[in-house]
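Quick one: sequence and predicted model below, then my questions.
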Amino acid sequence: MEIKTRNSRAGSCGEDNDSQKMTFTARCTALFLMLVSFAAATCCSPDQQENESTVLITNARIIDGTGSPAFDGSVLIRDEKIAGVTKAGSGENEGSEDVSRVIDAGGDVLAPGFIDAHSRGNPFETPRFDNFLSMGVTTITLGLVGTHPGGEDAASWLDDVNARGTGPNIIHFTGHSTLREIVDAPDEGDLDAAYISAMADILSGAMNAGSFGLSLGLEFEPGSYAGRQELTALAEAVNDHGGILMAHVRSEDDDRIEASVQEVLDAGRGSGVPVHFSHLKIVYANEVERAEDILGILQEARDEGLTVTADVYPYVASFTGISIVFPEWARSEQDFETAVSERREELEEYLRARITLRNGPEATLFGSGPWTGKTLAEVAEELDMPFENVLIDEVGPDGASAAYFVMNEDVMRRFLQDPHVMIGSDGGPEMRHPRGYGSFARIIRKYVREEGLLTLEEAVHKMSGLTAATLGLSDDGIVDTPRGLIREGYAADLLIFDPSKVQDRAVFEDPHRYAAGFDHVFVNGEHVIADGENDHLPGKVIRRQVQAE
């Protein structure tokens with residue numbers, strides 16, 4: 001791959017071979033434009049000059065994000081947007097006369113930057129988010145599983161993030177559990193209407209500030225206390241602002257997944273809001289038919305007129321707090337203390353059965369706390385005590401997070417193939433799970449290149465255009481600049497890569513290794529990775545443009 005710097009920028013006097021072939025008239029025109037550019041440059045800062053540069057990517061195999069077959073061609077970037085897309089052999093002018101750089105892709109793939117449907121992280125602590133950029137992700141989604149940053153004042157948080165800058169773009173969701181905490185709602189299901197109204201008001205304010213919708217974390221407190229009336233009322237507020245409901249369901253266990261999915265769909269039916277299921281999975285399901293069962297339920301809802309989508313990550317281990325293995329009556333600090341003192345034998349029996357059902361103590365790998373990197377079985381052996389007593393006496397429901405090897409890959413593969421399912425890493429820069437560093441590269445390496453489960457065009461669509469359409473990012477009536485596809489006028493979030501060289505390198509033993517193979521990454525037209533890395537922060541907070549009905 002070759003990068004050329006053209007000497008047609010303001011103040012340069014050199015010429016390349018192409019310019020030597022220009023006619024006298026064309027040269028005069030070019031000289032005039034150079035003088036105009038020079039005059040403009042004298043009143044602009046260096047940063048402004050850089051933002052006004054143009055880049056031409058030639059000799060590329062373009063996969064545009066729609067799922068359509070790849071084609072050979074070139075793309076022109078001007079400022080932050082795609083200024084032109086030209087198919088090879090079309091005879092169309094590439095618009096190359098005024099470019100400052102030419103990148104010869106050498107036949108490599110040129111694709112839209114990937115959009116992570118489910119991300120984690122703190123932009124004030126890790127603004128570069130190199131873990132995402134290195135695997136081709138140019139837009140991440142924060143505020144999921146019911147908790148959001150910014151508290152009651154989402155607008156100020158969005159402003160602060162935008163002012164400081166980030167590597168990828170950021171989109172924000174408002175968390176249901178956070179709303180409950182803000183209004184100090186009691187830990188009960190039948191909330192007084194005043195609490196629900198207060199939450200709806202805060203949610204509306206956040207969406208007016210640019211938040212994209214509401215996220216649910218129904219498996220975790222305090223979101224787990226919500227009843228149908230509360231969920232439907234908040235879903236109505238989201239729908240009034242044109243947003244989307246992103247749901248972590250109440251239980252992903254095989255014996256409860258249908259009811260949990262139907263609960264969220266009922267909120268969609270009662271409000272009309274589009275429904276999206278985060279990290280679709282079935283815990284300890286071993287037959288692919290179970291995936292068919294759930295996909296059938298989702299399709300039935302679509303047939304009724306609901307908009308229903310989902311995302312998956314390409315691993316068979318989940319990651320969350322250890323409280324997930326404890327009974328609901330022993331998860332809070334007070335309930336746990338009561339359970340230990342008054343129901344210890346029952347708690348031990350529950351944990352033995354629960355862990356055994358979840359593939360045994362060998363399938364729980366601690367990702368935080370003093371036993372990071374060890375399985376529950378290894379800790380139990382080290383301490384010479386039953387694993388249930390390790391959980392009670394040494395860990396507790398708030399004492400650690402862990403990876404849980406509780407999923408069947410064939411079930412996950414079936415979800416991955418569904419046309420309404422996209423990719424979400426559910427990962428972040430600090431989580432001890434390889435999905436935050438490898439998910440998008442793994443899709444290409446494993447499920448495209450090695451297994452052929454997806455075509456490259458299908459995979460790129462699931463990682464860009466499909467996600468953009470689901471979130472509203474490709475609709476210029478919803479966002480200032482559409483993105484997610486390679487089209488003229490869209491944001492220049494772009495990747496150049498050789499799919500044969502893409503590699504996810506993060507593993508559970510070493511989960512923070514960067515992916516490889518994405519040689520060039522552009523965010524809003526700025527080259528953030530070019531055969532290496534730099535310190536640019538061109539990412540923006542993308543605000544959803546909404547008007548309440």
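Yep, that arrived.

Show the contacting residues for the closest residue to Arg344 other than its chain neighbours.
Take Arg344 and drop its neighbours on the chain: the residue closest to it by CB to CB, 6 or more residues apart in numbering is Ile392, 7.5 Å away. No exception for glycine: its C-beta is placed from N, CA and C like everyone else's. Taking CB atoms under 8 Å, 6 or more residues apart in numbering, we find Ile392 in contact with Val340, Arg344, Leu347, Glu348, Leu351.

From Pro434, how far out is Arg505?
For Arg505, the distance to Pro434 equals 9 Å [CB to CB, to the nearest Å].

which residues are common contacts for those two?
Arg513.

What count of nearby residues applies to Arg354?
16 (other CB atoms under 10 Å).

Please apply the same query to the one 4 residues further on.
If you count neighbours by other CB under 10 Å, Arg358 ends up with 19.

Ok, Ala441 next?
26.

List the contacts of it.
Met135, Gly136, Val502, Gln503, Asp504, Ala515, Ala516, Gly517, Phe518.

Tell me which of Arg505 and Pro434 has more neighbours.
Pro434 (27 against 19).

Return the residue spatially closest to the more buried one, with its sequence-adjacent residues excluded.
That would be Ala506: by CB to CB, 6+ apart, it lies 3.5 Å from Pro434.

Can you give me the domain assignment for the chain?
114-316+407-530, 320-405 (automatic domain parsing).

gap between the two ends of the first one?
If I follow you right, that is domain 114-316+407-530. Domain 114-316+407-530 has an end-to-end distance of 17 Å (CA to CA, to the nearest Å).

so Pro168 touches Asn131, yeah?
No: in this structure, Pro168 is not within contact of Asn131 by CB atoms under 8 Å, at 10.0 Å.

Just want to know which of these two has more residues nearby.
Pro168 (31 against 28).

how much space between that one and Pro429?
Pro168 is 11 Å from Pro429, by CB to CB.

and for these two, which residues touch both?
Phe129, Phe132.

want to throw the domains of the chain into CSV with distance to Gly106?
Below are those laid out as CSV (distance: least, CB to CB, whole Å):
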stretch, distance to Gly106
domain 114-316+407-530, 9
domain 320-405, 39
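
Single out the most deeply packed of those.
domain 114-316+407-530 (a mean of 21; mean count of other CB atoms under 10 Å).

Compute the distance between the residue nearest to Arg344 and Ala400, please.
Distance from Ile392 to Ala400, by CB to CB: 13 Å.

Ok, Arg120 next?
In terms of CB to CB, Arg120 sits 17 Å off from Ala400.

follow-up on the earlier one: would you turn the domains of the chain into TSV with mean pLDDT and distance to Ile82?
Shown next, in TSV, are the domains of the chain (pLDDT from 0 to 100; distance: least, CB to CB, whole Å):
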stretch	mean pLDDT	distance to Ile82
domain 114-316+407-530	97	5
domain 320-405	95	38
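
what's the residue sitting nearest the centre point of the chain in contact with, if anything?
Centre of the chain computed as the mean C-alpha position; nearest residue by CA atoms, centre = their mean is Asp116, 2.0 Å away. Residues near Asp116 by CB under 8 Å, 6+ apart: Phe132, Val137, Thr139, Ile140, Thr141, Ile423, Gly424, Ser425, Ser439, Phe440, Thr467.
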